[in-house]
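> Mind folding the following:
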Amino acid sequence: MLDSFHPGFGGMADQAAGLRRLLGCAPLHGVALAGCGATTLAVNLAAALGACGSDVLVVDENASHGNVADQLGVATRYDLVHALDGGRALHEVMRPVGPGVRLLPAARGVRQLTAGAHAHQAAAHFAECLSAAPPAPDLVLIDSANGGVSQLLRGSKAYCETVIVTGVTREAITAAYTLIKSAALHNGESRFRVIVNRARGADEATAIFSNMAAVAKQHAGATLELLGWMPNDPQLRFARLARRSAVEAFPAGAAAAAARALALRLRERSAVQQTEGAEAARITARGAQAALAATAHLRPRSAAAI
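Take a look at the predicted model:
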């Protein structure tokens, strides 16, 4: 786990962000967080990403008590459902909650989106609207509704990965494995990233992950990747009581350093996806232009041209 933080990160991440804003054609990068401690993790990852200059959108799929808005002490007036019903523009529903961080309350809207027979089409439309809402976020963090893995961006052009958050207790590990098995069975997912929460050290986090990976591979056909771990730091609880992120309240603490290390990995992964997506879109556009030019002589001329 990295124990230092370099504002802006630099390198590929900054180049990719500029490329995506310039071209406006790279797909969104979404990260669906699910599991024990996912909400607190979303709060701290967003704060770490925002502090380094990323535009982050946190989509909060959970109801009021204990959700992202509640942890930050933010009162929200609108929900995604108001944008879906046409009562509000999507950007009006979002609320700034920190430097570079916006919050989209979505508990009611997600229920409406996923309840219909055309959930995938609705997800694709949502992703398109999100891309068009200025400024389009560099990263979308989704705090999945309790008991499941978010499907909000599935079926769209967005690149969305699932990050399973597990604790160190038997109950938390079992719950994380249940999420993996359900997503693999019902959603067809086969690759998951894992963050071990409240670990006493890297050795404990690695041991827990190794056991989970073996079981998931054998019984669910799923491949796991360890994204990192968060320490069992009391500053997380103190920050939550103060309605702030640990990154903001205790920037020199262990939890803040761990959140910044995880944010770095997510930002670099997002940079790769955005660069590849932008380049693919540019190649597609060039191909379409070449095809039009090659068939220009086949198209009938207008009467004025004749």
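> how close does D55 get to L139?
Distance from D55 to L139, counting by Cβ to Cβ, to the nearest Å: 8 Å. C-betas here are computed from N, CA, C, even on glycine.
> Please apply the same query to T76.
From T76 over to L139 the distance is 21 Å, taken as Cβ to Cβ.
> Between these two, which has more neighbouring residues?
More crowded of T76 and L139, by other Cβ atoms under 10 Å: L139, with 26 against 19.
> least trustworthy helix or strand in the protein by mean pLDDT?
Least confident element among the helices and strands of the chain, by mean pLDDT, DSSP states H and E: helix 12-23 (a mean of 42).
> Parallel or antiparallel, which strands does the helix or strand just after that helix pair with?
Sequence order places strand 29-35 as the next helix or strand after helix 12-23, per DSSP states H and E. Strands that pair with strand 29-35, judged by DSSP bridges, come out as strand 139-143 (parallel), strand 159-166 (parallel).
> Can you say which of those strands is packed in most?
Most buried of the strands paired with strand 29-35 by mean neighbour count (mean count of other Cβ atoms under 10 Å) is strand 139-143; its value is a mean of 26.
> Any chance you could give me that one in PDB, C-alpha atoms only?
Provided in PDB are the C-alpha atoms of strand 139-143 (Å, rounded to 0.1, in the frame of the first residue of the first chain):
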ATOM      1  CA  LEU A 139     -14.900   8.800 -12.900                       C
ATOM      2  CA  VAL A 140     -18.300   7.700 -11.700                       C
ATOM      3  CA  LEU A 141     -18.300   6.000  -8.300                       C
ATOM      4  CA  ILE A 142     -21.500   4.100  -7.600                       C
ATOM      5  CA  ASP A 143     -22.400   3.200  -4.100                       C
END
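> And for it, what's in contact with it?
Here strand 139-143 makes contact (Cβ atoms under 8 Å, 6 or more residues apart in numbering) with 28-33, 38-39, 42, 45-46, 49, 54-62, 67-68, 130, 150, 152-153, 158, 160, 266-267, 270.
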